[in-house]
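K.L.:
got a sequence here, can you build the structure:
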Amino acid sequence: MIDGRKIRVLVAKPGLDGHDVGAKIIARSLMDAGFDVTYTGLRKSPEQIIRQAQELEVDVVGLSLLSGAHLPFCRKLKTIWDQSELGDILWLVGGVIPEEDVASLKELGVDGIFPVGASLDSVADFIRKNVS
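P.N.:
Numbers count the residues shown, from 1 in each chain. Predicted coordinates:
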C-alpha cells in the first residue's frame, strides 16, 4: 500500500507477440496478492504503454516479452519514457530474457528482470520491497 491505496501495476504486452497467457497469469497473481492491476491486452506500442501508465498513474510498469525483441523494444520505450512525465516508477521485464541480455536491460533502467520460471511470489515481493 502507498498512502492508504493499493500499489498500481500496469502489465503490458508489447509489440507483435501474440502470446499472452503468461501476462494474464502474472496480472491475476498480482491482483490476488493485493495489487491494483491493469492488463493492456495484446500488441501495444511504446507510446500506448506510456500513455496508459500516465493516465492510470501507475507505480509499476511490467512488460511481458516472449518474442526475443525485448532489447529493441525496451530501448524505444526508454526514449519515450524519458520524454514523458511518467516519472520515477518501477520498471519490470519478464518472459524469455536470455542471461546475456540482463546487463543491457539494467543499463536501460529496468529495475527487475523475471525470466521464464521466476516465481509469481518473487515478482510480488520485489514490487513490495521497491515501491515506496
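
K.L.:
mind listing the helices for this structure?
P.N.:
21-32, 46-56, 70-83, 102-108, 120-130 (DSSP state H).

K.L.:
turn these into JSON lines, columns for mean neighbour count.
P.N.:
For the C-beta atoms, the positions are set from N, CA and C on the backbone; glycine is no exception. Below are the helices of the chain laid out as JSON lines (neighbours: other CB atoms under 10 Å):
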{"stretch": "helix 21-32", "mean neighbour count": "17"}
{"stretch": "helix 46-56", "mean neighbour count": "17"}
{"stretch": "helix 70-83", "mean neighbour count": "16"}
{"stretch": "helix 102-108", "mean neighbour count": "14"}
{"stretch": "helix 120-130", "mean neighbour count": "15"}
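
K.L.:
now do the contacts for residue 96.
P.N.:
65-68, 70, 115-116 (CB atoms under 8 Å, 6 or more residues apart in numbering).

K.L.:
show me the contacts for residue 95.
P.N.:
So residue 95 contacts 22, 63-66, 70, 114-116 (CB under 8 Å, 6+ apart).

K.L.:
among those, which one lies nearest to residue 11?
P.N.:
Taking CB to CB as the measure, residue 11 lies nearest residue 64 of the contacts of residue 95, at 6.6 Å.

K.L.:
and the closest residue to that closest one other than its chain neighbours, how close does it get to residue 82?
P.N.:
Leaving aside its sequence neighbours, residue 64 sits nearest to residue 23 (CB to CB, 6 or more residues apart in numbering; 3.8 Å). As judged by CB to CB, to the nearest Å, residue 23 and residue 82 stand 24 Å apart.

K.L.:
check residue 101 too.
P.N.:
According to CB to CB, residue 101 stands 20 Å off from residue 82.

K.L.:
what's the closest non-adjacent residue to residue 124?
P.N.:
Using CB to CB, 6+ apart, the nearest residue to residue 124 is residue 33, at 4.2 Å.
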